[in-house]
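Colleague: Show me the folded form of this:
(2 chains)
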Amino acid sequence: MSSTDIGPKGPAGQAQEAAVEYVENRTGAKTGLTWFLKRNIPSETSWFQTLGFAAMAVFGLQAVTGIVLAMYYKPDPTTAYSSIQHITNDVTWGWLVRGMHKWGASAMIILVFLHMARVFIFGSYKYPRELTWVTGAILLIMVMFMGLTGYLLVWDQRAYWATVVAMNITASAPIIGPYIADVLRAGSQFNPDSLARFYAIHMLVIPGGIATFIGLHLFLVSKLGISEPPWSKRASRARRAEEAAARAAAREPQGRREVLVEPAPHTLTVEAGQ
Amino acid sequence: MAESEGNDAQNGTSGGQYVGPRAIDPVQEHSHDDDPDFITRTRFLSGVAIAGGAVLSAAILVPIVGFAVTDSVKNPPNQWVDVGSVSNFPEGQTTSLAVSGQSEWSDARVFLRNKDAQLIAIWNRCSHLGCPVEYFAGGDNFVCPCHGSAFNSLGLVTAGPAPRPLDRFNIKVVDSTGKSVGGVGLVHGSWSTNVISPTNRVLIGSAFSITPSQTAVRLHDPGEPVTGVLSNLYPF
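Modeller: Coordinates of the predicted model:
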């Protein structure tokens, strides 16, 4: 026993260990979580690689605040606006929860775009992570759709006419646009069913889709690992070594090539002749 | 049994294998598992399970999708709404009427224009993106608050991004017995005021779109041009 050890586990610690083992033996949860969380990552990660998690955390915030807002909101043309006034002015902390949902929506859009910019600038969409990018693009569309459908629920003049315009922009897509718009607003015009339909899409349809695709996205991130920035030291060393190998190959096409290559860094295997 | 024992006897004791009598005769059966063209029982039952699942899924999804979608894409039924007697819409004026029905918050209006010996009903839905246009009696024109489209007295575009004139409603003028008086006016959906008396009733019907030359076409959504190359993008 070294001097920093506290001692053998007490009964509470042993019980906890037994409980973890019990679940592990029946579900493999510990193995799965270890696979998911204890991954090797590039040495040069930065705050930029936290944007995706930040977006997901805000989705969690939106889900929780949305659930409690739904307990007071009434998706009916005659009562929607007054129920929001009730939430904001009468319900305890209603102004706070509604504000969290409202500002969280903006924060989520911003974070999603920053995350996408990070992936794009780092080149993280390249092989083998193309499908991670595709699932992320589908998530982006769904997040924008959440913004669109949620905007109408406020049911004031700005929300109403902005959504009328948005639906008519949708309808002006060639050939199928008018049908998509008709389905979204439950008719050729906004009508009493439109608000309930937007509410159902906002509350039930899209959140399920987002949760599913976050799962897929995370699985792929975990399976493929995250990429390093293209300007990382390791990548630069690799590039330099490749260039040196190419120079050496040009100097002496056959023969003593390997001798001319600079000593490769320990993390990298240079196959001369590639 | 006798045959297999005979085989064992013939094989002898090569390779130290057990050659004694066996409880189960190892009948060599040809397996089709490796043959992708052969339908094994497993493959047949898998196909049955998939097909059955597809049928059951369709039995659930078809009613769901039909329920959610069908009424939304159906054209609204044509109905005539009485909006008052002809005397309510004096000669030389454009009168604004709310026609929102149960969607009173939608600000849907009709402008009944009684000028140049014809009565026409102009919808206030902007042909650009559907905002409500406003009528200005001073300039005798319509202006959209959203993106600045402007229309003249007949609803023809004079400025802004609108791709076509303002839409119109069908209009009908009937006498006290409900019988239609006279014929339609010079333009489709309009009514010549020469044949009508102030006590006749004005009825508003379904909407339609017009080209810049005031030819009637089927009702289009906002943003859709009705003439030119781009009108082919909206065939239905």
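Colleague: domain assignment for chain B?
Modeller: The domain map for chain B lists B:36-73, B:81-233, with the assignment taken from automatic domain parsing.
Colleague: Residue A:44 reaches residue A:229, doesn't it?
Modeller: Yes. Counting by C-beta atoms under 8 Å, residue A:44 touches residue A:229, with 6.2 Å between them. C-beta: built from backbone N, CA, C; applies to glycine.
Colleague: who's more crowded, these two?
Modeller: Each of residue A:44 and residue A:229 has its neighbours counted (other C-beta atoms under 10 Å in any protein chain shown); residue A:229 has more, 19 against 13.
Colleague: Return the residues in contact with the closest residue in space to the more buried one that isn't next to it in sequence.
Modeller: Leaving aside its sequence neighbours, residue A:229 sits nearest to residue A:122 (C-beta to C-beta, 6 or more residues apart in numbering or on different chains; 5.2 Å). Residue A:122 is in contact with A:48, A:227-230, counting by C-beta atoms under 8 Å, 6 or more residues apart in numbering or on different chains.
Colleague: Around chain A, pick out the residues from chain B.
Modeller: Within chain B, the positions adjacent to chain A are B:68-69, B:71-73, B:75-76, B:102-103, B:105-106, B:108, B:129-131, B:146, B:221-224, B:233-236 by C-beta under 8 Å from any C-beta of the partner chain.
Colleague: before we move on, the earlier item: which of the contacts of residue A:122 are buried, as a PyMOL select command?
Modeller: Here is the PyMOL selection string for the buried members of the contacts of residue A:122, based on 16 or more other C-beta atoms under 10 Å in any protein chain shown:
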select buried, chain A and resi 227+228+229
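Colleague: In helices, which of the contacts of residue A:122 appear?
Modeller: Of those, none are assigned to helices by DSSP state H.
Colleague: As JSON lines, the contacts of residue A:122 with pLDDT would be great.
Modeller: What follows is the contacts of residue A:122, written out as JSON lines (pLDDT from 0 to 100):
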{"residue": "A:48", "pLDDT": "93"}
{"residue": "A:227", "pLDDT": "89"}
{"residue": "A:228", "pLDDT": "87"}
{"residue": "A:229", "pLDDT": "88"}
{"residue": "A:230", "pLDDT": "85"}
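Colleague: In chain B, what residue lies closest to chain A?
Modeller: residue B:223 (3.4 Å; C-beta to the nearest C-beta).
Colleague: who touches that residue in this structure?
Modeller: In this structure, residue B:223 makes contact with A:168-169, A:171-172, B:127-130, B:163, judged by C-beta under 8 Å, 6+ apart.
Colleague: Go again with 7 Å.
Modeller: A:168-169, A:171-172, B:128-129, B:163 (C-beta atoms under 7 Å, 6 or more residues apart in numbering or on different chains).
Colleague: Residue B:84: helix or strand, and which one exactly?
Modeller: Counting by DSSP states H and E, the element that carries residue B:84 is strand B:81-85.
Colleague: That strand pairs with which strands, and in what direction?
Modeller: strand B:201-210 (antiparallel) (DSSP bridges).
Colleague: Now the longest helix anywhere in chain B: buried residues?
Modeller: Using DSSP H, we find that the single longest helix of chain B is helix B:41-73. Using 16+ other C-beta under 10 Å as the test for burial, helix B:41-73 gives B:72-73.
Colleague: Setting the sequence-adjacent residues aside, check what's closest to the residue of chain A found nearest chain B.
Modeller: Residue nearest to chain B within chain A (C-beta to the nearest C-beta): residue A:172, separated by 3.4 Å. Nearest residue to residue A:172 in three dimensions, chain neighbours excluded: residue B:223, at 3.4 Å (C-beta to C-beta, 6+ apart).
Colleague: Alright, that wraps it up for me.
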